[in-house]
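Q: Here is a sequence with its predicted model. Questions after.
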Amino acid sequence: MLCITQHKKSDIGGKYMENFLGKWKFSKLIIGTKISQVELKPENSHKNMAYELHKQLVLSESKFERVENSSEVLEIIENLISEMSPIIKKSDRHANEIFKETIKLKNRIIDPFVKEWRKVIISNNNKNDILVTEDKFKFFREKLKYYSVKFARIAGVEYYKETKIPIDFRKTWMEHIKISGSNERTSIEDSKFGGKPYWNMSLEYPRDSDGNLMRLLAQINFEQVPRFHNLPKKGILQFFIKASDDFHGMNSNNMNEQSNFRVVYHQEVGNSKRLEDVHIDYTDSSCFPVKKTSKMIFSLSGSPASVSDFRFGKEYKKEAFELLNDDEYKDYCELYPGTGHKIGGYGYFSQVDIRKNNYSEYDFLLLQLDTDEALDIMWGDCGVAHFFIKSKDLKKGKFDDILYTWDCY
């Protein structure tokens, strides 16, 4: 039996408890300032909200591990409710699932526990005490964990880890599409790393500055990609670079000049010309970063700003090394490195984010291609490549102005 001491009824009962529990009496939840510290866009707000619910449940469950008296129980539950109650602005198509799950949590878990918590038993020392059995207390915590896992799944994030890093992660939280790879066979129209490109027979195939045919670096079929921001709903986007080049088609003096790299968008997918038809010589692949073909697999995820993305300093007004000590910096980089293959979100840079001074208008990460030994992808000495686009161009479906850069250690 877990004994926790309650304040006198006049302190926490009656009208106070009515106001306290009354926070749950709503037909639609309202977004508040605590959760929407960043402006949430309709298409990704539900993911951010689910993440916040997940995080608050994890934190509350961990606080119950250390509870000693009823005032602490009240404080934990009250904080949990204040963080949860402003989650949903309206029950629209983006928030329905979260709204329903939040109501279940309130009706099936929070309310019964609070009701049990209010039962008063006069203890031997003649004080107003509450006795909550270990089994019921354990059940409550397990249910919090159950719902925290469910909200994590909705948000598409890994389980939240409590940290003492002195940064409000919500300030820069952003969704992205995580890309993994599979060795399964690909079709001519599949999303993939390397391999044989789809090509419209009516178009001229991309050539580099020497007049040689370029090689496919990556191909994205938007019908295989989750709905995300202003990405097209259909069509194929292709990334080509110079086939045999130590710089992999990058021009360090003019990074948006598509002379040795090319981004091509096929809005309509029809008759295609295969690799053999355009006569690309694949025999010399020693310089090419993608050594084999792998099928792309997409999933929604999200993270705060990585320390190497220039927007970290922009949002927090200071660079990470100015805000964090050595241990905190190391922990943050381990939690949110920004690495991996992705669309959207924050980039990872081996050296520096070149957008900080000259190319800040290229604000959307169209594709990050990282070094990946499992998929046989290598950029120099374990580097990473980026293709950026202006959000206004992405919204219009214009892919002729792209910033391409890669760096390594």
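A: Sure, I can see it.
Q: Going by C-alpha atoms from here, please, whenever you check contacts or count neighbours.
A: Noted.
Q: What's the local residue count around the closest residue to K356 other than its chain neighbours?
A: Excluding the flanking residues, the one nearest K356 by Cα to Cα, 6 or more residues apart in numbering is F310, at 5.5 Å. Per other Cα atoms under 10 Å, the neighbour tally for F310 reads 22.
Q: quick one, what contacts F310?
A: Taking Cα atoms under 8 Å, 6 or more residues apart in numbering as the contact definition, F310 lies against 353, 355-356.
Q: is it fair to say Y146 lies in a strand?
A: No: counting by DSSP: H, G, I helix; E, B strand; the rest coil, Y146 is not found in a strand; it is helix.
Q: Show me where the stretch 251-400 of the chain has its helices.
A: Assigned by DSSP state H, counting those that start in this stretch, the stretch 251-400 of the chain shows helices spanning 275-278, 310-316, 320-323, 326-335, 391-396.
Q: out of those helices, which comes closest to I343?
A: Distances from I343 to each of these were compared by Cα to Cα, and the smallest falls on helix 391-396, at 12.4 Å.
Q: heading toward the C-terminus, what's the first helix or strand past that closest one?
A: strand 402-407 (DSSP states H and E).
Q: sorry, back to before: kindly reformat the helices of the stretch 251-400 of the chain as TSV containing distance to W199 and mean pLDDT.
A: Putting these into TSV (distance: least, Cα to Cα, whole Å; pLDDT from 0 to 100) gives the following:
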stretch	distance to W199	mean pLDDT
helix 275-278	9	58
helix 310-316	36	89
helix 320-323	44	86
helix 326-335	40	86
helix 391-396	21	95
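Q: Highest mean neighbour count out of the ones you listed?
A: helix 310-316 (a mean of 17; mean count of other Cα atoms under 10 Å).
Q: if we can go back for a sec, as JSON lines, the helices of the stretch 251-400 of the chain with distance to I98 would be great.
A: Converted to JSON lines, the helices of the stretch 251-400 of the chain look like this (distance: least, Cα to Cα, whole Å):
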{"stretch": "helix 275-278", "distance to I98": "46"}
{"stretch": "helix 310-316", "distance to I98": "28"}
{"stretch": "helix 320-323", "distance to I98": "33"}
{"stretch": "helix 326-335", "distance to I98": "25"}
{"stretch": "helix 391-396", "distance to I98": "28"}
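Q: okay, now G397: neighbour count?
A: Using other Cα under 10 Å as the criterion, the residues surrounding G397 number 14.
Q: now it, nearest residue through space, not along the chain?
A: Once its chain neighbours are removed from consideration, G397 has its nearest residue in P232; the separation is 7.0 Å (Cα to Cα, 6+ apart).
Q: Give me the distance between that neighbour and E373.
A: Taken as Cα to Cα, to the nearest Å, the spacing of P232 relative to E373 amounts to 30 Å.
Q: So between these two, which is more surrounded?
A: Relative neighbour count places P232 above the other of P232 and E373, with 20 against 9, counting by other Cα under 10 Å.
Q: Against M174, how distant is the more buried one?
A: With distances taken as Cα to Cα, P232 is found 19 Å from M174.
Q: what do you get for L324?
A: Look at L324 and M174: by Cα to Cα, they are 21 Å apart.
Q: Those two: which is more packed in?
A: Each of L324 and M174 had its neighbours counted (other Cα under 10 Å), and the higher figure belongs to M174 (21 against 17).
Q: Run through the bridge partners of that one.
A: Beta-bridge pairing for M174 (DSSP bridges): S303.
Q: Quick check, it in contact with R311.
A: No: the pair formed by M174 and R311 falls short of the contact definition of Cα atoms under 8 Å, at 11.5 Å.
Q: what is in contact with these two at once?
A: With Cα under 8 Å, 6+ apart as the test, M174 and R311 both reach A305.
Q: Look up the residues forming beta bridges with K192.
A: Where K192 sits in a bridge, its partners, by DSSP bridges, are Q219, K295.
Q: of the contacts of F310, closest to Y362?
A: Comparing the contacts of F310 against Y362 with Cα to Cα picks out R355 as the nearest, at 7.3 Å.
Q: returning to that earlier point: any idea which of the helices of the stretch 251-400 of the chain gets closest to K63?
A: helix 326-335 (21.4 Å).
Q: Show me what the closest one is packed against.
A: In terms of contact count using 3 or more Cα pairs under 8 Å, 6 or more residues apart in numbering; DSSP states H and E, helix 326-335 is assigned no packing partners among helices or strands.
Q: quick revisit: export the contacts of F310 to JSON lines and tack on neighbour count, pLDDT and distance to V384?
A: As requested, these are exported to JSON lines (neighbours: other Cα atoms under 10 Å; pLDDT from 0 to 100; distance: Cα to Cα, whole Å):
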{"residue": "D353", "neighbour count": "20", "pLDDT": "94", "distance to V384": "11"}
{"residue": "R355", "neighbour count": "17", "pLDDT": "94", "distance to V384": "15"}
{"residue": "K356", "neighbour count": "14", "pLDDT": "88", "distance to V384": "17"}
